[in-house]
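Trainee: Mind looking at a prediction? Sequence and model below.
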Amino acid sequence: MKAQKFSAKVGLYFAISLLGFLAFFIFERLGADATAWAQLPIVGGLVGALFQLVRDDAAADRAKQLEQYKQKFVFGAQSHMAQTIWNKQVEFCEAYASELDKCVAVLYADGPAKSAGNCATALFAIRRRYAVWVPADLETKLDPFEKALRDIGNSAHVADRAPGGGNPELRQRHIDRMYREFAKAMGESEWLGEQLTGEAGHAVVLNSLKSMLGIDDMSALLATLKKDAVAGLTGDKPAVNSGEVIELARSGGGNKFGPR
């Protein structure tokens with residue numbers, strides 16, 4: 001129906017252009033002024049037809065692009081492999097976040113101690129168990145925190161075993177590293193005047209897990225849908241069309257809006 005409607009409009013503009021040409025030839029013999037007036041419908045018809053053709057072409061491209069997005073979403077969200085990956089990633093994030101909470105409790109209770117090394121081992125064991133399902137970009141965000149825990153544990157072990165009179169400089173270096181890595185793991189921005197990057201903080205790890213699952217994006221989408229639903233009950237016009245939001249989520253959300 002739309003294609004027929006657009007074709008009718010284009011035909012109308014071409015008809016106007018044809019009439020303009022006919023008027024041009026009819027009034028050509030009447031003089032220059034008449035010829036100038038006869039050219040107006042020609043110009044107007046051609047400009048209108050060109051504008052309509054460009055607009056229809058853009059609409060066709062947009063419809064084609066939207067259809068491709070829909071096909072990608074259907075394939076990505078409904079395939080068995082996509083649902084399996086999504087479920088495994090959810091399991092991993094839940095298991096890792098639970099162990100992360102235990103590690104943070106240990107850090108608060110023990111401070112920079114050998115127990116931090118055990119926390120790193122427990123976290124890495126979860127990563128090994130879900131190694132097939134964890135994206136590489138997420139692993140790079142988990143590495144700094146686990147490394148900080150390992151460095152704390154290793155330095156604490158060396159500091160405890162090194163005798164005070166044996167190699168005090170080596171022992172002091174490990175003590176310094178132990179407290180510096182502890183500051184990193186706790187998310188401190190500096191340690192004894194040294195600026196820390198903050199990438200090894202436990203809060204960064206938790207935010208990375210949430211980001212992979214698209215928790216913030218999904219929460220924003222649900223809040224928008226809830227707002228539209230309430231606006232519909234009260235008779236107010238929704239500020240944002242929920243259908244457009246869902247379509248946007250389908251076209252660009254990927255893993256953030258459900259199983260891939």
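Mentor: Right, received. Where do you want to start?

Trainee: can you give me the helices for the stretch 51-200 of the chain?
Mentor: Along the stretch 51-200 of the chain, counting by DSSP state H, counting those that start in this stretch, helices occupy 80-110, 115-129, 136-161, 168-185.

Trainee: Tell me which of those helices lies nearest to residue 209.
Mentor: Checking these against residue 209 by Cβ to Cβ gives helix 80-110 as the closest, at 4.5 Å. In short, each C-beta sits where N, CA and C put it, glycine included.

Trainee: quick one: average pLDDT of the closest one?
Mentor: Mean pLDDT, helix 80-110: 93.

Trainee: Return the list of helices and strands in contact with it.
Mentor: In terms of contacts (3 or more Cβ pairs under 8 Å, 6 or more residues apart in numbering; DSSP states H and E), helix 80-110 is packed against helix 115-129, helix 202-213.

Trainee: Out of these, the one nearest residue 182 is which?
Mentor: helix 115-129 (7.5 Å).

Trainee: buried sites along the closest one?
Mentor: Judged by neighbour count using 16 or more other Cβ atoms under 10 Å, the buried positions of helix 115-129 are 115, 116, 117, 119, 120, 122, 123, 124, 126, 127.

Trainee: and the closest residue to the third one other than its chain neighbours, what does it touch?
Mentor: The shortest distance from residue 117 to any non-neighbouring residue, by Cβ to Cβ, 6 or more residues apart in numbering, is to residue 153 (2.1 Å). Contacts were defined as Cβ atoms under 8 Å, 6 or more residues apart in numbering; by that measure residue 153 touches 113, 114, 115, 116, 117, 118, 119, 120.

Trainee: Take the residues you listed and write them to JSON lines, including distance to residue 144.
Mentor: Converted to JSON lines, these look like this (distance: Cβ to Cβ, whole Å):
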{"residue": "113", "distance to residue 144": "20"}
{"residue": "114", "distance to residue 144": "20"}
{"residue": "115", "distance to residue 144": "19"}
{"residue": "116", "distance to residue 144": "14"}
{"residue": "117", "distance to residue 144": "16"}
{"residue": "118", "distance to residue 144": "18"}
{"residue": "119", "distance to residue 144": "14"}
{"residue": "120", "distance to residue 144": "11"}
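
Trainee: So what touches stretch 173-189?
Mentor: Contacts for stretch 173-189 (Cβ under 8 Å, 6+ apart): 107, 111-112, 116, 144-145, 148-149, 151-152, 154-156, 158-159, 162, 190-192, 194-198, 200-204.

Trainee: Of these, select the buried ones using a PyMOL command.
Mentor: Applying 16+ other Cβ under 10 Å to the contacts of stretch 173-189 leaves a buried subset, and the PyMOL line that selects it is:
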select buried, resi 107+112+116+144+145+148+149+151+152+154+155+156+158+159+162+191+196+200+201+202+204
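
Trainee: which stretches of this structure have low pLDDT?
Mentor: The chain contains residues with pLDDT under 70 at 1-54, 57, 69, 71-78, 162-166, 234-260.

Trainee: And it, what are its domain boundaries?
Mentor: In terms of domains, the chain is parsed into 2-78, 80-213, 215-257 (source: automatic domain parsing).

Trainee: Just put the helices of the stretch 51-200 of the chain in JSON lines and tack on distance to residue 230.
Mentor: Compiled in JSON lines, those are given as follows (distance: least, Cβ to Cβ, whole Å):
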{"stretch": "helix 80-110", "distance to residue 230": "29"}
{"stretch": "helix 115-129", "distance to residue 230": "40"}
{"stretch": "helix 136-161", "distance to residue 230": "36"}
{"stretch": "helix 168-185", "distance to residue 230": "43"}
